[in-house]
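J.: here are the coordinates; sequence isn't available:
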């Protein structure tokens, strides 16, 4: 993160000097290849796939907890099985390549080091997911393991994303586009993590700890989402440069406005109303879709 912060800080200084953010973001980026690494255009797909892993790890947690809470278990089992296959394929493709996913064999040693850490975390989480799918039920022990895996998986995927972003051009050229894609992907993963934490509270797994965490996550998500639309120098966020992107973030903020009051009450100590869980899931899903569409718009710039 330190490398990323230093590079982002430099980029902001340049942008502030030129006062022409829109032109910088809209300008086409030349593919640059350094020491045989993937060029910047291909690295955007690698970055996107790493971001998918981050979101998938959180949504698998959500569906495991929905099964534990007996909330549409049949539907969640099918989704869990599909997401397990997707995660396994992407993590394999990042290392060995996958033409259908637009991934080439990864060779950069520092990226491979981060990928190895993620693979270690997946070796703990993946078998639990597969056991749940095979049995069709979630035990209290499964819930405890899944909960313990949330943070390590999030950290490992975040470190992989940071490394891919930094070495998109060999660590020598900063890309505003890859930065904004990364931050938006991070928000999409965070909303899933917020939902997972709320479901852990509903299940009764360490509720006080997850209420405290939820309070911090809520503040972080709201400020970052506003910054993605309007800009936030404190968070090193650039304002959305196009009308289409602003529309996506505006829609996401409207959905967040519906979701956050419920989360505030839960973080403040109220129980999670069982009847609110379907609405919570539906709204968070719509919010994640808006963020995913924003990622696609950034990729098209």
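T.: Now that the structure is in, tell me what you want to look at. These numbers were taken from a predicted model, which means no experiment stands behind them.

J.: Give me the residue at the spatial middle of this protein.
T.: Closest residue to the average C-alpha location of the chain: residue 189 at 2.8 Å, with C-alpha atoms, centre = their mean.

J.: Helices of the stretch 201-301 of the chain, residue ranges please.
T.: 207-230, 243-267, 277-300 (DSSP state H, counting those that start in this stretch).

J.: quick one: contacts of the last one?
T.: Applying C-beta atoms under 8 Å, 6 or more residues apart in numbering, the set of residues contacting helix 277-300 from outside is 44, 48, 51, 55, 62, 66, 69, 71, 177, 180-181, 184-185, 187-188, 191-192, 194-195, 198-199, 202, 228, 240, 242, 244-245, 248-249, 251-252, 255-256, 258-259, 262. To be clear about C-beta, it is placed using only N, CA and C from the backbone, and glycine gets the same treatment.

J.: show me where pLDDT drops low in the stretch 51-200 of the chain?
T.: 168-175 (pLDDT under 70).

J.: As TSV, the helices of the stretch 201-301 of the chain with mean neighbour count would be great.
T.: As requested, the helices of the stretch 201-301 of the chain are exported to TSV (neighbours: other C-beta atoms under 10 Å):
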stretch	mean neighbour count
helix 207-230	17
helix 243-267	17
helix 277-300	18
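
J.: Ok, which of these comes nearest residue 78?
T.: Closest of these to residue 78 is helix 277-300, at 15.1 Å (criterion: C-beta to C-beta).

J.: and the angle from that closest one to helix 243-267?
T.: Helix 277-300 and helix 243-267 are oriented at 150 degrees to each other (axes from the mean of the first three to the mean of the last three C-alpha atoms, to 10 degrees).

J.: and the angle for helix 277-300 with helix 207-230?
T.: 40 degrees.

J.: Let me see the contact set for residue 105.
T.: Neighbouring residues of residue 105 by C-beta under 8 Å, 6+ apart: 95, 96, 97.

J.: Could you tell me whether it really is in a helix?
T.: No. Applying DSSP: H, G, I helix; E, B strand; the rest coil, one finds residue 105 to be coil, outside a helix.

J.: any idea how far it is from residue 176?
T.: 27 Å (C-beta to C-beta, to the nearest Å).

J.: re the thing from before, and the residue nearest to the centre of the chain, how far from residue 109?
T.: 26 Å.

J.: before we move on, back to that, which of the contacts of residue 105 count as buried?
T.: Buried subset of the contacts of residue 105 (neighbour count, 16 or more other C-beta atoms under 10 Å): residue 95.

J.: quick one on the thing from earlier: now the residue nearest to the centre of the chain: closest residue in space that isn't a chain neighbour?
T.: Leaving out its chain neighbours, the residue that sits closest to residue 189 by C-beta to C-beta, 6 or more residues apart in numbering is residue 54, at 4.0 Å.

J.: next one: residue 276
T.: In space, residue 276 is closest to residue 262, 6.0 Å off (C-beta to C-beta, 6+ apart).

J.: quick one: pLDDT of the one you found?
T.: At residue 262, the predicted lDDT confidence score is 92.

J.: Is it correct that it is in contact with residue 275?
T.: No. Counting by C-beta atoms under 8 Å, residue 275 is not a contact partner of residue 262; they are 11.3 Å apart.

J.: quick one: common contacting residues for the two?
T.: Counting by C-beta under 8 Å, 6+ apart, nothing touches both residue 262 and residue 275.

J.: on that earlier part again, JSON lines for the contacts of residue 105, including distance to residue 300 and secondary structure?
T.: Putting the contacts of residue 105 into JSON lines (distance: C-beta to C-beta, whole Å; DSSP: H, G, I helix; E, B strand; the rest coil) gives the following:
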{"residue": "95", "distance to residue 300": "27", "secondary structure": "helix"}
{"residue": "96", "distance to residue 300": "28", "secondary structure": "helix"}
{"residue": "97", "distance to residue 300": "24", "secondary structure": "coil"}
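
J.: closest to residue 146 among the contacts of residue 105?
T.: Among the contacts of residue 105, residue 95 lies closest to residue 146 (C-beta to C-beta), at 24.4 Å.

J.: Might one say that the closest one is in contact with residue 107?
T.: No. Between residue 95 and residue 107 there is no contact under C-beta under 8 Å: 10.0 Å.
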